[in-house]
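# Sequence and predicted model, in that order:
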Amino acid sequence: MPAAELSRLRTQINGLILRFNEPEAFHAALRDLLDLYSDRAYRPGKAVHSHPLLPTYRVPPLVLRQLEIELSKTCQEQPEQALAVVKILWRDDHIEPRLLAAHLLGAVPGSHDEAVLEILREWAKPNEDFRMLKELFKRGTAGLRRTAPQKVLALIESWMDTPRPEVQALGLQAMIPLIEDQSFENLPPIFRLISPLVQTPTQKLLTDIYAIMDALIKRSPTETAYFLRQTLAITSGPGTARLIRRCLPTFSPELQAGLRTALKAANPS
(Lines give C-alpha, C1' and ligand atoms only; values in the text may rest on other atoms or scores of the structure.)
Protein backbone atom coordinates (compact mmCIF):
# COMPACT_ATOMS: atom_id res chain seq x y z
CA MET A 1 0.00 0.00 0.00
CA PRO A 2 1.53 3.39 -1.01
CA ALA A 3 2.47 5.77 1.82
CA ALA A 4 -0.37 8.14 0.98
CA GLU A 5 -2.95 5.36 1.17
CA LEU A 6 -1.46 4.01 4.39
CA SER A 7 -1.65 7.50 5.90
CA ARG A 8 -5.30 7.69 4.83
CA LEU A 9 -6.00 4.28 6.39
CA ARG A 10 -4.47 5.38 9.68
CA THR A 11 -6.62 8.49 9.64
CA GLN A 12 -9.69 6.34 9.07
CA ILE A 13 -8.73 4.04 11.93
CA ASN A 14 -8.25 7.05 14.19
CA GLY A 15 -11.81 7.99 13.31
CA LEU A 16 -12.91 4.52 14.39
CA ILE A 17 -11.11 4.90 17.70
CA LEU A 18 -13.11 8.05 18.43
CA ARG A 19 -16.21 5.80 18.45
CA PHE A 20 -14.64 3.12 20.64
CA ASN A 21 -16.82 4.00 23.62
CA GLU A 22 -19.94 3.52 21.48
CA PRO A 23 -19.85 -0.17 20.47
CA GLU A 24 -22.77 -0.07 18.03
CA ALA A 25 -21.49 3.06 16.29
CA PHE A 26 -17.98 1.61 16.21
CA HIS A 27 -19.29 -1.60 14.66
CA ALA A 28 -21.19 0.29 11.97
CA ALA A 29 -18.15 2.43 11.14
CA LEU A 30 -15.92 -0.64 10.99
CA ARG A 31 -18.28 -2.34 8.55
CA ASP A 32 -18.23 0.78 6.38
CA LEU A 33 -14.42 0.79 6.42
CA LEU A 34 -14.18 -2.89 5.53
CA ASP A 35 -16.71 -2.42 2.76
CA LEU A 36 -14.69 0.50 1.42
CA TYR A 37 -11.58 -1.68 1.09
CA SER A 38 -13.48 -4.79 0.03
CA ASP A 39 -11.87 -6.69 -2.87
CA ARG A 40 -9.26 -4.03 -3.48
CA ALA A 41 -5.96 -5.49 -4.68
CA TYR A 42 -7.35 -8.95 -3.87
CA ARG A 43 -5.06 -11.85 -4.77
CA PRO A 44 -6.03 -15.46 -4.06
CA GLY A 45 -4.11 -16.84 -1.12
CA LYS A 46 -3.14 -13.44 0.27
CA ALA A 47 -6.40 -12.42 1.90
CA VAL A 48 -8.27 -14.09 4.73
CA HIS A 49 -9.45 -17.53 3.68
CA SER A 50 -13.22 -17.58 3.39
CA HIS A 51 -15.28 -19.91 5.53
CA PRO A 52 -18.25 -21.65 3.92
CA LEU A 53 -20.66 -20.33 6.53
CA LEU A 54 -19.02 -16.93 6.96
CA PRO A 55 -18.86 -14.38 4.14
CA THR A 56 -15.69 -12.31 3.86
CA TYR A 57 -14.95 -8.75 2.76
CA ARG A 58 -11.63 -9.91 1.26
CA VAL A 59 -9.84 -6.78 2.30
CA PRO A 60 -6.05 -6.51 1.81
CA PRO A 61 -4.16 -8.13 4.71
CA LEU A 62 -2.47 -4.80 5.50
CA VAL A 63 -5.84 -3.26 6.34
CA LEU A 64 -6.58 -5.96 8.90
CA ARG A 65 -3.07 -5.77 10.30
CA GLN A 66 -3.28 -2.01 10.80
CA LEU A 67 -6.66 -2.40 12.50
CA GLU A 68 -5.17 -5.00 14.84
CA ILE A 69 -2.14 -2.85 15.68
CA GLU A 70 -3.97 0.41 16.31
CA LEU A 71 -6.99 -1.07 18.07
CA SER A 72 -4.84 -3.28 20.29
CA LYS A 73 -3.31 -0.14 21.73
CA THR A 74 -6.79 1.21 22.38
CA CYS A 75 -7.77 -2.02 24.16
CA GLN A 76 -4.83 -1.55 26.52
CA GLU A 77 -5.94 2.00 27.26
CA GLN A 78 -9.71 1.37 27.41
CA PRO A 79 -10.26 -2.25 28.55
CA GLU A 80 -13.86 -1.77 29.68
CA GLN A 81 -14.86 -0.34 26.31
CA ALA A 82 -12.84 -3.06 24.57
CA LEU A 83 -14.86 -5.80 26.27
CA ALA A 84 -18.07 -4.22 25.03
CA VAL A 85 -16.69 -3.79 21.51
CA VAL A 86 -15.48 -7.38 21.11
CA LYS A 87 -18.89 -8.75 22.11
CA ILE A 88 -20.51 -6.74 19.32
CA LEU A 89 -17.90 -7.75 16.74
CA TRP A 90 -18.12 -11.45 17.55
CA ARG A 91 -21.81 -11.40 16.64
CA ASP A 92 -21.06 -10.09 13.15
CA ASP A 93 -21.88 -12.36 10.21
CA HIS A 94 -18.57 -11.70 8.40
CA ILE A 95 -15.26 -13.29 9.19
CA GLU A 96 -13.11 -10.14 9.49
CA PRO A 97 -14.99 -8.50 12.39
CA ARG A 98 -15.00 -11.84 14.22
CA LEU A 99 -11.27 -12.33 13.71
CA LEU A 100 -10.74 -8.79 14.94
CA ALA A 101 -12.89 -9.54 17.99
CA ALA A 102 -10.72 -12.55 18.85
CA HIS A 103 -7.53 -10.55 18.36
CA LEU A 104 -8.72 -7.64 20.50
CA LEU A 105 -9.88 -9.99 23.24
CA GLY A 106 -6.28 -11.16 23.47
CA ALA A 107 -5.13 -7.54 23.75
CA VAL A 108 -7.24 -6.75 26.84
CA PRO A 109 -4.84 -6.14 29.79
CA GLY A 110 -4.32 -8.58 32.64
CA SER A 111 -6.37 -6.46 35.02
CA HIS A 112 -9.45 -7.86 33.24
CA ASP A 113 -8.46 -11.55 33.11
CA GLU A 114 -11.70 -12.78 34.66
CA ALA A 115 -13.82 -10.90 32.15
CA VAL A 116 -11.77 -12.34 29.29
CA LEU A 117 -12.20 -15.85 30.68
CA GLU A 118 -15.94 -15.34 30.94
CA ILE A 119 -16.09 -14.29 27.29
CA LEU A 120 -13.99 -17.28 26.23
CA ARG A 121 -16.41 -19.61 28.03
CA GLU A 122 -19.33 -17.90 26.32
CA TRP A 123 -17.85 -17.94 22.81
CA ALA A 124 -16.26 -21.40 22.80
CA LYS A 125 -19.16 -23.67 21.90
CA PRO A 126 -19.01 -27.12 20.29
CA ASN A 127 -21.23 -25.99 17.42
CA GLU A 128 -18.98 -23.04 16.54
CA ASP A 129 -17.10 -23.19 13.23
CA PHE A 130 -13.90 -25.08 14.08
CA ARG A 131 -11.73 -22.60 12.18
CA MET A 132 -13.16 -19.74 14.18
CA LEU A 133 -12.48 -21.71 17.36
CA LYS A 134 -8.88 -22.16 16.26
CA GLU A 135 -8.49 -18.40 15.81
CA LEU A 136 -10.32 -17.69 19.07
CA PHE A 137 -7.98 -19.93 21.07
CA LYS A 138 -4.89 -18.65 19.26
CA ARG A 139 -5.70 -14.93 19.37
CA GLY A 140 -8.16 -14.61 22.23
CA THR A 141 -5.93 -16.29 24.82
CA ALA A 142 -2.77 -14.36 23.87
CA GLY A 143 -2.99 -11.94 26.80
CA LEU A 144 -3.87 -14.64 29.30
CA ARG A 145 -0.98 -16.80 28.14
CA ARG A 146 1.35 -13.91 29.00
CA THR A 147 -0.16 -12.83 32.30
CA ALA A 148 -1.99 -15.86 33.70
CA PRO A 149 -1.25 -19.15 31.90
CA GLN A 150 -2.49 -21.04 34.93
CA LYS A 151 -5.96 -19.59 34.29
CA VAL A 152 -5.87 -20.87 30.71
CA LEU A 153 -4.94 -24.30 32.08
CA ALA A 154 -7.82 -24.16 34.54
CA LEU A 155 -10.24 -23.27 31.74
CA ILE A 156 -8.93 -26.16 29.64
CA GLU A 157 -9.23 -28.53 32.60
CA SER A 158 -12.85 -27.51 33.14
CA TRP A 159 -13.61 -28.62 29.58
CA MET A 160 -11.55 -31.80 29.87
CA ASP A 161 -13.33 -32.82 33.07
CA THR A 162 -16.69 -33.16 31.35
CA PRO A 163 -17.91 -36.52 30.00
CA ARG A 164 -18.98 -34.97 26.68
CA PRO A 165 -16.44 -35.53 23.86
CA GLU A 166 -17.56 -32.41 22.01
CA VAL A 167 -16.70 -30.29 25.08
CA GLN A 168 -13.45 -32.16 25.69
CA ALA A 169 -12.55 -31.26 22.10
CA LEU A 170 -12.66 -27.60 23.11
CA GLY A 171 -10.06 -28.28 25.78
CA LEU A 172 -7.82 -30.13 23.33
CA GLN A 173 -8.07 -27.37 20.74
CA ALA A 174 -7.34 -24.70 23.36
CA MET A 175 -4.17 -26.57 24.39
CA ILE A 176 -2.44 -26.11 21.05
CA PRO A 177 -1.70 -22.35 21.29
CA LEU A 178 -0.46 -22.95 24.84
CA ILE A 179 1.88 -25.74 23.70
CA GLU A 180 3.12 -23.64 20.77
CA ASP A 181 3.79 -20.61 22.98
CA GLN A 182 7.53 -20.72 23.71
CA SER A 183 7.04 -18.66 26.88
CA PHE A 184 4.88 -21.45 28.34
CA GLU A 185 7.16 -24.01 29.95
CA ASN A 186 4.78 -25.97 32.19
CA LEU A 187 4.07 -28.98 29.95
CA PRO A 188 3.48 -31.62 32.71
CA PRO A 189 -0.15 -30.48 33.30
CA ILE A 190 -0.78 -30.88 29.56
CA PHE A 191 0.48 -34.47 29.65
CA ARG A 192 -1.63 -35.13 32.74
CA LEU A 193 -4.78 -33.83 31.08
CA ILE A 194 -4.37 -35.83 27.88
CA SER A 195 -3.19 -39.03 29.59
CA PRO A 196 -6.66 -40.66 29.92
CA LEU A 197 -7.41 -39.95 26.27
CA VAL A 198 -4.09 -41.40 25.09
CA GLN A 199 -4.64 -44.50 27.24
CA THR A 200 -8.12 -44.98 25.80
CA PRO A 201 -8.41 -42.98 22.56
CA THR A 202 -11.97 -42.03 21.63
CA GLN A 203 -12.85 -42.13 17.96
CA LYS A 204 -14.68 -38.78 18.17
CA LEU A 205 -11.53 -37.10 19.51
CA LEU A 206 -8.86 -38.78 17.38
CA THR A 207 -8.31 -35.81 15.07
CA ASP A 208 -7.82 -33.48 18.04
CA ILE A 209 -5.59 -35.99 19.86
CA TYR A 210 -3.37 -36.31 16.78
CA ALA A 211 -3.15 -32.51 16.55
CA ILE A 212 -2.11 -32.31 20.22
CA MET A 213 0.52 -35.01 19.79
CA ASP A 214 1.96 -33.30 16.71
CA ALA A 215 2.21 -30.02 18.63
CA LEU A 216 3.85 -31.71 21.63
CA ILE A 217 6.37 -33.58 19.47
CA LYS A 218 7.39 -30.35 17.72
CA ARG A 219 7.68 -28.53 21.04
CA SER A 220 9.39 -31.20 23.17
CA PRO A 221 10.04 -34.50 21.37
CA THR A 222 12.09 -36.11 24.15
CA GLU A 223 9.51 -35.31 26.83
CA THR A 224 6.68 -36.50 24.58
CA ALA A 225 8.45 -39.77 23.78
CA TYR A 226 8.99 -40.37 27.50
CA PHE A 227 5.29 -39.71 28.14
CA LEU A 228 4.28 -42.23 25.46
CA ARG A 229 6.66 -44.89 26.81
CA GLN A 230 5.20 -44.36 30.29
CA THR A 231 1.71 -44.68 28.84
CA LEU A 232 2.63 -48.02 27.26
CA ALA A 233 3.83 -49.21 30.66
CA ILE A 234 0.34 -48.51 32.01
CA THR A 235 -1.78 -49.81 29.15
CA SER A 236 -1.22 -52.02 26.14
CA GLY A 237 -4.53 -51.28 24.46
CA PRO A 238 -4.68 -51.42 20.65
CA GLY A 239 -5.90 -47.83 20.46
CA THR A 240 -2.82 -46.51 22.25
CA ALA A 241 -0.52 -48.60 20.07
CA ARG A 242 -2.17 -47.32 16.89
CA LEU A 243 -1.89 -43.74 18.14
CA ILE A 244 1.81 -44.11 18.86
CA ARG A 245 2.49 -45.77 15.51
CA ARG A 246 0.73 -42.88 13.83
CA CYS A 247 3.04 -40.46 15.67
CA LEU A 248 6.29 -42.35 15.03
CA PRO A 249 7.31 -40.63 11.74
CA THR A 250 7.31 -37.25 13.51
CA PHE A 251 10.05 -38.33 15.93
CA SER A 252 13.78 -38.52 15.26
CA PRO A 253 15.17 -41.98 14.37
CA GLU A 254 16.63 -42.34 17.87
CA LEU A 255 13.33 -41.62 19.61
CA GLN A 256 11.47 -43.81 17.13
CA ALA A 257 13.73 -46.73 18.05
CA GLY A 258 12.93 -46.34 21.75
CA LEU A 259 9.22 -46.18 21.09
CA ARG A 260 9.31 -49.24 18.81
CA THR A 261 11.03 -51.17 21.59
CA ALA A 262 8.35 -50.05 24.06
CA LEU A 263 5.61 -51.04 21.60
CA LYS A 264 7.08 -54.55 21.22
CA ALA A 265 7.42 -54.94 24.98
CA ALA A 266 3.78 -53.88 25.51
CA ASN A 267 2.48 -56.02 22.63
CA PRO A 268 4.80 -59.05 22.31
CA SER A 269 2.53 -60.78 19.81
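Cool, the structure landed.
# Find the residue closest to residue 106 in space, skipping its chain neighbours.
Distances taken as Cβ to Cβ, 6 or more residues apart in numbering put residue 142 closest to residue 106, at 3.3 Å, once the chain neighbours are dropped. All C-beta spots, glycine's among them, are computed from the backbone N, C-alpha and C.
# Ramachandran angles for that neighbour?
Backbone torsions of residue 142, given as degrees, to the nearest 10, read phi -60, psi -50.
# before we move on, what about residue 185?
According to degrees, to the nearest 10, residue 185 has phi -120, psi 0.
# re earlier: can you give me the pLDDT of the residue nearest to residue 106?
As predicted, residue 142 sits at a pLDDT of 97.
# Could you do the one 3 residues further on as well?
Each residue has a pLDDT score; the one for residue 145 is 97.
# Residue 139 versus that one, what's the distance?
Separation of residue 145 from residue 139 (Cβ to Cβ, to the nearest Å): 11 Å.
# Tell me where the model's unsure across this structure.
Within the chain, the segments meeting pLDDT under 70 span 1-4, 40-53, 269.
# swap the cut-off to 50 and go again
40-52 (pLDDT under 50).
# contacting residues for the spatially closest residue to residue 245 that is not a sequence neighbour?
Counting by Cβ to Cβ, 6+ apart, residue 263 is the residue found nearest to residue 245 once chain neighbours are left out, at 7.2 Å. Residue 263 makes contacts with 232, 241, 244-245, as judged by Cβ atoms under 8 Å, 6 or more residues apart in numbering.
# For ChimeraX, write the selection for the buried entries among those.
Buried subset of these, written as a ChimeraX selection, criterion 16 or more other Cβ atoms under 10 Å:
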select :232,241,244
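# can you tell me which of the contacts of residue 263 lies nearest to residue 251?
Nearest to residue 251 among the contacts of residue 263 is residue 244, at 9.7 Å by Cβ to Cβ.
# Report the contact partners of the closest one.
228, 231-232, 259, 263.
# Residue 262 now?
Residue 262 touches 228-229, 232-233, counting by Cβ under 8 Å, 6+ apart.
# Now which of those would you call buried?
Of these, these count as buried by 16+ other Cβ under 10 Å: 228-229, 232.
# Just put those residues in CSV and tack on secondary structure.
As requested, these are exported to CSV (DSSP: H, G, I helix; E, B strand; the rest coil):
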residue, secondary structure
228, helix
229, helix
232, helix
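# Distance to residue 126 for those - can I get that in CSV?
Output for the buried ones among the contacts of residue 262, formatted as CSV (distance: Cβ to Cβ, whole Å):
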residue, distance to residue 126
228, 28
229, 33
232, 31
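# Tell me how far residue 11 lies from residue 17.
From residue 11 to residue 17 the distance is 11 Å (Cβ to Cβ).
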